[in-house]
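Colleague: need a structure here:
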Amino acid sequence: MHVNDLLQEKKMTKYRLSKISGVPFATISDIGTGKARIEKCAADTLYKLAKALDVTMEALVAERLEYRSSFEAFKSNIS
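Modeller: Predicted coordinates:
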């Protein structure tokens, strides 16, 4: 699930998420805008965000990982 969707669902701002999680606001903003890729974040960052949003770490990255695995399957069929 996308961080922006979770924030909207929880009625939370990026600033509030930053304060609760301890993750810098700039990092959260970059993830929200797509400037930073959440699946490339450090495990402790994912853990802090997941805990603050009350979701699993897997839920935060699942959408991106599903895309990658489908691309890998596509790529292996081409060869």
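Colleague: The helix or strand hosting residue 19: what's the following helix or strand?
Modeller: Here residue 19, judged by DSSP states H and E, is contained in helix 14-21. Moving toward the C-terminus from helix 14-21, the next helix or strand (DSSP H and E) is helix 25-33.
Colleague: quick one: low-confidence ranges for this protein?
Modeller: Of all residues in the chain, those with pLDDT under 70 make up the ranges 1, 64-79.
Colleague: The nearest residue to residue 50 once chain neighbours are set aside: what's it in contact with?
Modeller: Nearest-residue entry for residue 50: residue 57, 4.6 Å, with adjacent residues in sequence omitted and distances by CB to CB, 6 or more residues apart in numbering. To be clear about C-beta, it is placed using only N, CA and C from the backbone, and glycine gets the same treatment. The neighbourhood of residue 57, defined by CB atoms under 8 Å, 6 or more residues apart in numbering, consists of 43, 46-47, 50.
Colleague: Burial check on residue 61, number of neighbours?
Modeller: Residue neighbour count, defined by other CB atoms under 10 Å, stands at 19 for residue 61.
Colleague: Report the secondary structure state of it.
Modeller: Under DSSP: H, G, I helix; E, B strand; the rest coil, residue 61 falls in the helix class.
Colleague: Remind me which helix or strand residue 55 belongs to.
Modeller: Assessed by DSSP H and E, residue 55 sits outside every helix and strand.
Colleague: what sits against the closest residue to residue 24 other than its chain neighbours?
Modeller: With sequence-adjacent residues excluded and distances taken as CB to CB, 6+ apart, residue 24 is closest to residue 18, at 6.5 Å. With CB under 8 Å, 6+ apart as the criterion, the residues that contact residue 18 are 24-25, 28.
Colleague: I'd like the distance between residue 18 and residue 26.
Modeller: Applying CB to CB, to the nearest Å, the value for residue 18 to residue 26 is 9 Å.
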